[in-house]
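Student: A structural model of the following input is requested.
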Amino acid sequence: MIENPKSPRVRRVAALSRRKDRRQSGLFLVEGPQAVRELLAHRADLAETVYATMGTESWQHEVDRLASEHGVVIERVTEPVLAAMAETVHPQGVLAVARIEAAPLAEVLRDARLVAILHEVRDPGNAGTVLRAADAAGADAVVFAGESIDPWHPKVVRATTGSLFHLPVAVAPTLDASVDAARAAGLRVLAADVHGEDLDPAADVLAGPVAWLFGNEARGLNAEERALADGALRLPIYGAAESLNLATAASVLLYQTAFAQRGLTRPGRPV
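Tutor: Coordinates of the predicted model:
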């Protein structure tokens, strides 16, 4: 049982809430029962250590079982220790330390049919929600390009609710590199932008391999960035809303593409 919230080990775990410490150590935090379960169930090879309180919560048995099956060490800690380790104010009894694994860009795009590219997306909730939506829509990968938020930021990890461990995530130094790699892999690059044409759900443009490019929450994509894409599309606004936020728009576009690729938007087929 780890009982001292000020011990060097506790401080090392807590430091992973900072980007520079994640880069130096190659490790990141996974907080909460849902995310830890998904880590152990799908990418236990990345798990270094699980830290959990001695409780009777419903998730405890499953986390213990998964950790045991995959040979992952569980360290018991007091609630003050877990609170000192966690980035959240009220941790839910368990967190894990895992290794960062950024997949090579060309590798994750090879044979892909649906990809999300995030360019200068800064809000962790938006980034995590887009990744979760991409997972739900059956996307093959998510690319964080340029100055986008670190995909292993604790708030991003929590917002994915475990989807981070279901599909490959790549990091690209620039938007140009992402677009060039997507096009080289045979993907049509479509910019999601308010300056684009209204999306036609039945259009053939979505039926083939597509990489959606999503820009910064506040400013979107500038003209130069839009020009890198093969086309720009927007979701029409039928009501009085001024706009849709990034995560909502991305979720709709990713699902609409998934429908088109499965033939669900053709005449006579249900949407």
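Student: so Asp21 touches Ala15, yeah?
Tutor: Yes - counting by C-beta atoms under 8 Å, Asp21 touches Ala15, with 4.1 Å between them. For the C-beta atoms, the positions are set from N, CA and C on the backbone; glycine is no exception.
Student: am I right that Arg110 is in contact with Ala184?
Tutor: No - if you go by C-beta under 8 Å, Arg110 and Ala184 don't touch, sitting 9.6 Å apart.
Student: my read is that Pro104 contacts Ala170, right?
Tutor: Yes - Pro104 is within contact range of Ala170, at 6.9 Å (criterion: C-beta under 8 Å).
Student: between the two, which one's more packed in?
Tutor: The residue with more neighbours, out of Pro104 and Ala170, is Ala170; 22 against 12, by other C-beta atoms under 10 Å.
Student: so where's the longest strand in this protein?
Tutor: The residue-count maximum for a strand in the chain (DSSP state E) belongs to strand 188-198.
Student: remind me, longest helix of this structure?
Tutor: Of all the elements of type helix in the chain, the one with the most residues (DSSP state H) is helix 246-261.
Student: shouldn't Gly128 be within a strand?
Tutor: No - looking at Gly128 with DSSP: H, G, I helix; E, B strand; the rest coil, it is helix, so not inside a strand.
Student: how about it: what's its closest non-neighbour residue?
Tutor: Ala159 (2.3 Å; C-beta to C-beta, 6 or more residues apart in numbering).
Student: put the alpha carbons of the helix or strand that contains that neighbour into CSV.
Tutor: Assigned by DSSP states H and E, Ala159 belongs to helix 154-160. Provided in CSV are the C-alpha atoms of helix 154-160 (Å, rounded to 0.1, in the frame of the first residue of the first chain):
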residue,chain,number,x,y,z
PRO,A,154,-5.2,13.7,-19.5
LYS,A,155,-8.3,15.7,-20.5
VAL,A,156,-8.1,14.3,-24.1
VAL,A,157,-7.7,10.8,-22.8
ARG,A,158,-10.7,11.1,-20.5
ALA,A,159,-12.8,12.6,-23.3
THR,A,160,-12.2,9.6,-25.5
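Student: starting at the chain centroid, how far to the next helix or strand after that helix?
Tutor: Moving toward the C-terminus from helix 154-160, the next helix or strand (DSSP H and E) is strand 169-172. On the basis of C-alpha atoms, centre = their mean, to the nearest Å, strand 169-172 is displaced by 10 Å from the centre of the chain it belongs to.
Student: just checking, what packs against strand 169-172?
Tutor: Applying 3 or more C-beta pairs under 8 Å, 6 or more residues apart in numbering; DSSP states H and E, one finds that strand 169-172 contacts helix 105-109, strand 141-145.
Student: hey, which of these is tucked in deepest?
Tutor: With neighbours defined as mean count of other C-beta atoms under 10 Å, the helices and strands packed on strand 169-172 peak in mean count at strand 141-145, which reaches a mean of 25.
Student: direction included, what does that strand pair against?
Tutor: Next to strand 141-145 in the sheet, as set by DSSP bridges, lie strand 114-119 (parallel), strand 169-172 (parallel).
Student: Val94: which of those is closest?
Tutor: Evaluated with C-beta to C-beta, these place strand 169-172 nearest to Val94, the distance being 22.5 Å.
Student: tally up the residues packed near Gly162, please.
Tutor: Residues within reach of Gly162, counting by other C-beta under 10 Å, total 22.
Student: do a quick rundown of the strands in the chain.
Tutor: Assigned by DSSP E, the strands in the chain fall at 27-31, 47-52, 73-76, 94-99, 114-119, 141-145, 169-172, 188-198, 210-214, 231-234.
Student: dump those strands to TSV, plus mean pLDDT.
Tutor: Converted to TSV, the strands of the chain look like this (pLDDT from 0 to 100):
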stretch	mean pLDDT
strand 27-31	97
strand 47-52	97
strand 73-76	95
strand 94-99	97
strand 114-119	98
strand 141-145	97
strand 169-172	96
strand 188-198	93
strand 210-214	97
strand 231-234	94
